[in-house]
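*Asks:* Give me a 3D structure for the following:
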Amino acid sequence: MFERVVEFLSPGLDSKDELIESLAQAEQRELIEPQSRVMLEGVLRMADMTAGDVMVAAKRMDLLDIDAPYDELLGLVIDTGHSRFPVYEGSRENIIGILLAKDLLKLQRAPELNLRTLLRTPVLVPESKRLNELLGDFRSNRNHLAIVIDEFGKTAGLITIEDVLEEIVGEIEDEFDDKDGESGIFTLADGSQRVAGDTAIEAVNTAFGVHLPIDDFDTIGGLVAHELGHVPRRGEELEFGGLCFQALLSRGGSVRWFKVTPSLRETQHDVPDRG
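*Replies:* Numbering: from 1, shown residues only. Purely as a prediction, here's the structure:
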């Protein structure tokens with residue numbers, strides 16, 4: 001019986017679409033819940049995905065310089081909101097360890113500590129590492145972040161356990177997510193704004209005093225993707241309508257969060273109010 005179940009759940013490539021269709025039919029017949037179907041489909045699709053498919057590319061990684069002053073390190077930790085950071089020495093290619101944000105606070109209480117002593121050994125995985133195998137590794141070694149390397153041994157990007165899990169369960173909400181209709185615009189420590197991708201363009205216009213067009217798109221994420229010609233990846237920027245939009249988190253074919261600041265080239269990108 002076990003072998004028959006395994007055979008059913010591990011069909012050839014030609015039958016995977018049929019299995020997904022069967023899950024949709026099971027949902028329609030109320031045999032499984034909608035969220036269960038989404039998760040099962042995520043598991044099936046994840047089996048064909050690799051670390052290279054999901055990783056944050058090297059040039060968009062938020063890194064800490066081992067030789068940077070404490071205040072500079074703390075500012076970057078606060079602005080990005082990550083809990084773990086790769087740390088480099090000399091060049092961004094030379095990653096020497098992983099720093100937990102909470103460990104950085106130890107330096108504030110004990111300045112005599114050497115930052116190097118707080119670093120953890122980085123976990124390295126190839127781009128070809130399958131996500132289901134990587135998830136197992138994360139669970140067994142209790143690491144939540146891995147550095148992805150290419151075939152030449154160079155840093156290609158990074159991937160976290162959250163990146164892998166979101167391929168199964170969908171986007172994992174964080175403390176900035178909207179609750180009960182609250183605003184999707186939040187002020188960060190440096191005075192910039194964190195804006196949800198599904199925030200209405202009219203709300204952005206009101207908050208920033210700009211005149212982004214509202215005729216063709218409802219959300220700021222849709223407008224930015226249209227102007228770029230594609231869904232921006234994490235770290236990618238667009239200056240438009242007097243504002244600079246930097247993608248902080250992209251998931252499921254859309255941007256979840258932007259960091260928004262006044263554009264340095266505002267006069268070159270002004271957009272007339274077409275609303």
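*Asks:* Shouldn't Leu158 be within a strand?
*Replies:* Yes - counting by DSSP: H, G, I helix; E, B strand; the rest coil, Leu158 is located in a strand.
*Asks:* what's the burial count for it?
*Replies:* Close neighbours of Leu158, defined as other CB atoms under 10 Å, add up to 27. All C-beta atoms are positioned from the backbone trio N, CA, C, and that covers glycine.
*Asks:* wait, doesn't it sit right on Met61?
*Replies:* Yes - look at Leu158 against Met61 with CB atoms under 8 Å: they come within range, at 5.5 Å.
*Asks:* now the helices for this protein?
*Replies:* For the chain, the helices defined by DSSP state H cover 2-9, 13-28, 34-46, 51-54, 70-80, 101-109, 131-141, 161-169, 201-208, 220-228.
*Asks:* Overlap of the contact sets of Leu158 and Met61?
*Replies:* Jointly contacting Leu158 and Met61 under the rule CB atoms under 8 Å, 6 or more residues apart in numbering are Pro86.
*Asks:* before we move on, the earlier item: among the helices of the chain, which comes closest to Asn94?
*Replies:* Across the helices of the chain, Asn94 has its closest neighbour in helix 70-80 (17.0 Å, CB to CB).
*Asks:* for the closest one, which positions count as buried?
*Replies:* Going by neighbour count (16 or more other CB atoms under 10 Å), the buried part of helix 70-80 is Leu73, Leu74, Leu76, Val77.
*Asks:* swap in stretch 23-35?
*Replies:* Across stretch 23-35, burial judged by 16+ other CB under 10 Å covers Leu23, Glu27, Ile32.
*Asks:* Can I get it as PDB, trimmed to CA atoms?
*Replies:* The C-alpha coordinates for stretch 23-35 follow below in PDB (Å, rounded to 0.1, in the frame of the first residue of the first chain):
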ATOM      1  CA  LEU A  23      -6.600  18.500  -6.300                       C
ATOM      2  CA  ALA A  24      -8.700  21.300  -7.800                       C
ATOM      3  CA  GLN A  25     -11.500  18.900  -8.400                       C
ATOM      4  CA  ALA A  26     -11.200  17.600  -4.800                       C
ATOM      5  CA  GLU A  27     -11.500  21.200  -3.600                       C
ATOM      6  CA  GLN A  28     -14.600  21.700  -5.700                       C
ATOM      7  CA  ARG A  29     -16.200  18.600  -4.200                       C
ATOM      8  CA  GLU A  30     -15.300  19.900  -0.700                       C
ATOM      9  CA  LEU A  31     -13.000  16.900   0.000                       C
ATOM     10  CA  ILE A  32     -10.200  19.200   0.900                       C
ATOM     11  CA  GLU A  33     -10.000  22.900   2.100                       C
ATOM     12  CA  PRO A  34      -8.800  25.600  -0.400                       C
ATOM     13  CA  GLN A  35      -5.700  26.300   1.800                       C
END
